[in-house]
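**Student:** Got a sequence here, can you model it:
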Amino acid sequence: MALVKIREILDGNCNDKSVSVRGWVYRKREGKELIFLVIRDSTGVIQCTVKKASEAAWAEAQKLTIESSLVLDGLVKPDKRAPGGFEIAAEAVSIIGLADVFPIAKDKSEEFIRDMRHLWLRSRKMNLVMKVRGNVMEYTREYFKKQGYTEVSPPMFISAAVEGGSTLFGLKYFDQDLYLTQSSQLYLEILIYSLEQVFCIAPSFRAEKSRTIRHLTEYWHIEGEWPFATMDDLMKFEEGLMEHVCKRVAENCQKEFAELGADINKLAAVKAPFPRITYAEAIDRLKVKNPALNWGDDLGYEDEKVLAEDFGKPFFVYDYPTAIKAFYCKTYSDRPEVALSVDMMVPRIGEISTGGQREEDKEMLIKRMQAQGLKPEDYEWYLDLRRYGTVPHVGFGMGLERLLTWMLDLENIMDAIPFPRTTRRFYP
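**Tutor:** From the prediction side, this is the model:
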């Protein structure tokens, strides 16, 4: 018999054909004359029936437990009552791996399920989320490459902070003290002097003790950096990236969104240009609900959510106070208290990307480092970039998991990554 994927059957390509499928038992219901098996593989789930009259198949089917692996041969028939509209009438069942009693049941808590992440990743929900995640990464690369960008591989071990020392994970590297990277930005800046337009999709690590639906201590960062560009160029690129990824997901992930119960229409509706407001305008909007908020205050999660509710779609907030931004942010020459920095925000999640223009002047960069208590000698290689052919340049970093959490209407960012790492979670 032809070995097929379940998706081929559900797409109507195997009607009245004898096929062989292999996978795992997803559900089982046993009657006196009939055993119903729901089998899953990476592509979907399908109902299979085993009749008592088929003695050999029946004997094997009786032994099966949830998550047992098997090969099942049978005849495909359309059946409106079955999940997916098709059913396999089993003729032979071969057990590959007989499973112990599966520990995950409907009545288990979220904490228990997260402790069992190594098994929960087999669930339909996580299967579908991971597929969308893979597609988002593919479409992200697709857009960058269409724009002429080169994908690069920056290091995960770093010797100096990118985003400030308070969120660094320190580690012993032989006899040296190093850190896990908070962002690949500084290393992407190195590469623009050779390749010009570069990007990466790589892990970043932040020792933040925040416990919200949008925080992870290890997450995947979509980062781009390029020279000869302005803040306006940056925002236009991000708009284009977001529109492209949302459009491609809306076109190609309809089945996943439908099964997950997520709103795919909001993705199809994403169109450039996005609304833009300054940080000062954001403060004015927020002071209506939070009078204690003043210019110079950092926007928190709740503030960003309030702003996002007003727009109901992706938008930009730009021109932040210099004091709350990193040392590498360029400032206005006539308004040094304002940084050329921009965040993209979306409903319910708030900020999903941060970017801006980088300071290309060496002396100004040194002053910014000193003002933030950093030692310029720790960044000699970074200052070299300003000594040898410095150029105006921009870049951004977008959190992949935050993007997915918004796209898929997930309740928690922990469901947007295979193995979530938070302040309290590092198993398995």
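**Student:** is it true that residue 354 lies in a strand?
**Tutor:** Yes - counting by DSSP: H, G, I helix; E, B strand; the rest coil, one finds residue 354 located in a strand.
**Student:** what's near enough to touch the closest residue to residue 263 other than its chain neighbours?
**Tutor:** In space, and not counting its chain neighbours, residue 263 is closest to residue 409: 6.1 Å by Cβ to Cβ, 6 or more residues apart in numbering. Any C-beta I mention is one placed from the backbone N, CA and C, and that applies to glycine too. Contact analysis of residue 409 by Cβ atoms under 8 Å, 6 or more residues apart in numbering lists 260-263.
**Student:** Write a ChimeraX command that selects only the buried members of those residues.
**Tutor:** Applying 16 or more other Cβ atoms under 10 Å to the contacts of residue 409, the buried members can be selected in ChimeraX as follows:
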select :260,262
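**Student:** As TSV, the contacts of residue 409 with distance to residue 109, pLDDT and secondary structure would be great.
**Tutor:** As requested, these are exported to TSV (distance: Cβ to Cβ, whole Å; pLDDT from 0 to 100; DSSP: H, G, I helix; E, B strand; the rest coil):
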residue	distance to residue 109	pLDDT	secondary structure
260	21	97	helix
261	21	97	coil
262	23	98	coil
263	27	97	coil
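**Student:** okay, the residue nearest to residue 263: pLDDT?
**Tutor:** Residue 409 is assigned 97 on the pLDDT scale.
**Student:** Then residue 83?
**Tutor:** 88.
**Student:** I'd like the numbering to begin with 254 instead of 1 from here.
**Tutor:** With the count now opening at 254, the last piece we talked about shows up as residue 336.
**Student:** Spatially nearest residue to it (excluding sequence neighbours)?
**Tutor:** residue 300 (5.6 Å).
**Student:** same check, this time on residue 454
**Tutor:** residue 475 (5.4 Å).
**Student:** Assign a three-state SS to the one you found, would you?
**Tutor:** Criterion first, three-state DSSP; result for residue 475: strand.
**Student:** Identify the residues contacting it.
**Tutor:** 393, 452, 454, 606, 650-653, 656.
**Student:** So what's the residue count around residue 679?
**Tutor:** Per other Cβ atoms under 10 Å, the neighbour tally for residue 679 reads 11.
**Student:** Next up, phi/psi of it, please.
**Tutor:** phi -150, psi 20 (degrees, to the nearest 10).
**Student:** Next: residue 287.
**Tutor:** Torsion angles, degrees, to the nearest 10, at residue 287: phi -150, psi 140.
**Student:** who's the residue nearest to residue 454 bridged to?
**Tutor:** residue 454, residue 651 (DSSP bridges).
**Student:** do residue 596 as well
**Tutor:** Beta bridges link residue 596 to residue 570, residue 607 when assigned by DSSP bridges.
**Student:** pLDDT on stretch 278-285, on average?
**Tutor:** Rounded mean pLDDT across stretch 278-285 is 97.
**Student:** Pull the distance from that stretch to the chain's centre.
**Tutor:** Distance of stretch 278-285 from the chain centroid (Cα atoms, centre = their mean, to the nearest Å) equals 35 Å.
**Student:** Let me see the residues that make contact with that stretch.
**Tutor:** By Cβ under 8 Å, 6+ apart, stretch 278-285 touches 288-293, 298, 305, 315, 317-321, 323, 352, 377.
**Student:** Now which of those would you call buried?
**Tutor:** For those, buried by 16+ other Cβ under 10 Å: 288-293, 298, 317, 319-321, 323.
**Student:** would residue 318 count as being in a helix?
**Tutor:** No - remark: residue 318 does not belong to a helix; assigned using three-state DSSP, it is coil.
**Student:** How about the backbone phi and psi for it?
**Tutor:** According to degrees, to the nearest 10, residue 318 has phi -120, psi 160.
**Student:** burial of residue 587, as a residue count?
**Tutor:** Count around residue 587 with other Cβ under 10 Å applied: 6.
**Student:** How about the secondary structure of it?
**Tutor:** Quick answer, by three-state DSSP: residue 587 is coil.
**Student:** got the domain boundaries for this protein?
**Tutor:** Following automatic domain parsing, the chain resolves into domains at 255-350, 368-669.
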